[in-house]
Every structure is written in C-alpha cells, then in structure tokens.
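Undergrad: This is the structure alone, sequence omitted:
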C-alpha cells in the first residue's frame, strides 16, 4: 500500500496536507495553501516528483 495524504484546515482560509506512511508515521507536512485547488496541485507535485527526486546530502563530513 502507498502513503496517505490527509487534508487539514490551517486557519480560517487556508489548508495543508500531511503525508503519512502505512504505519501512521508522518512523513511530510506541507506549507499552507490558500485554497483547495492549490493544495491539490501541491499534492500532485509531490506525487510526480517524489519518485524521481535526487537525494542531496548536506551534512558536514569534515567535523
């Protein structure tokens, strides 16, 4: 099974989504979106880009 996108209200006129793993672990929380259409576009962007996204390691290795 894949992750679950939960839609939440974030104030009177804004929304956000939370991506949860199968076991209920919160994987990501979105920024606020002004309306549902923008929120759906944000979810679609995550769906399209997550599988092909690069991993960038920004840790300091010389410490």
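TA: Arrived safely. Keep in mind that what you see is a predicted model, and the values were worked out from it rather than measured.

Undergrad: quick one: residue 11 is in a strand?
TA: No - according to DSSP: H, G, I helix; E, B strand; the rest coil, residue 11 belongs to no strand; its state is coil.

Undergrad: which strand residues sit across from residue 8 in the sheet?
TA: Following DSSP bridges, residue 8 is listed with bridge partners residue 16.

Undergrad: what number of residues lie near it?
TA: When neighbours are defined as other CB atoms under 10 Å, residue 8 has 13 of them. For glycine as for every other residue, the C-beta is placed from the backbone atoms N, C-alpha and C.

Undergrad: Quick one: residues contacting it.
TA: Applying CB atoms under 8 Å, 6 or more residues apart in numbering, we find residue 8 in contact with 15-18.

Undergrad: and the gap between residue 27 and residue 56?
TA: Distance, residue 27 to residue 56, using CB to CB, to the nearest Å: 18 Å.

Undergrad: which residues of the chain fall in strands?
TA: Taking DSSP state E as the criterion, the chain contains strands spanning 4-9, 15-20, 26-29.

Undergrad: mind listing what's buried in stretch 11-28?
TA: By neighbour count on 16 or more other CB atoms under 10 Å, the buried set for stretch 11-28 is 15-17, 19-20.

Undergrad: follow-up on the earlier one: any chance of the contacts of residue 8 in JSON lines, plus pLDDT and distance to residue 6?
TA: Below are those laid out as JSON lines (pLDDT from 0 to 100; distance: CB to CB, whole Å):
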{"residue": "15", "pLDDT": "98", "distance to residue 6": "11"}
{"residue": "16", "pLDDT": "97", "distance to residue 6": "9"}
{"residue": "17", "pLDDT": "98", "distance to residue 6": "6"}
{"residue": "18", "pLDDT": "97", "distance to residue 6": "5"}
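
Undergrad: among those, which two are most distant?
TA: 15 and 18 (10.9 Å; CB to CB).

Undergrad: Of the buried residues of stretch 11-28, which is the nearest to residue 32?
TA: Residue 32 lies nearest to residue 16 out of the buried residues of stretch 11-28, by CB to CB, at 5.5 Å.
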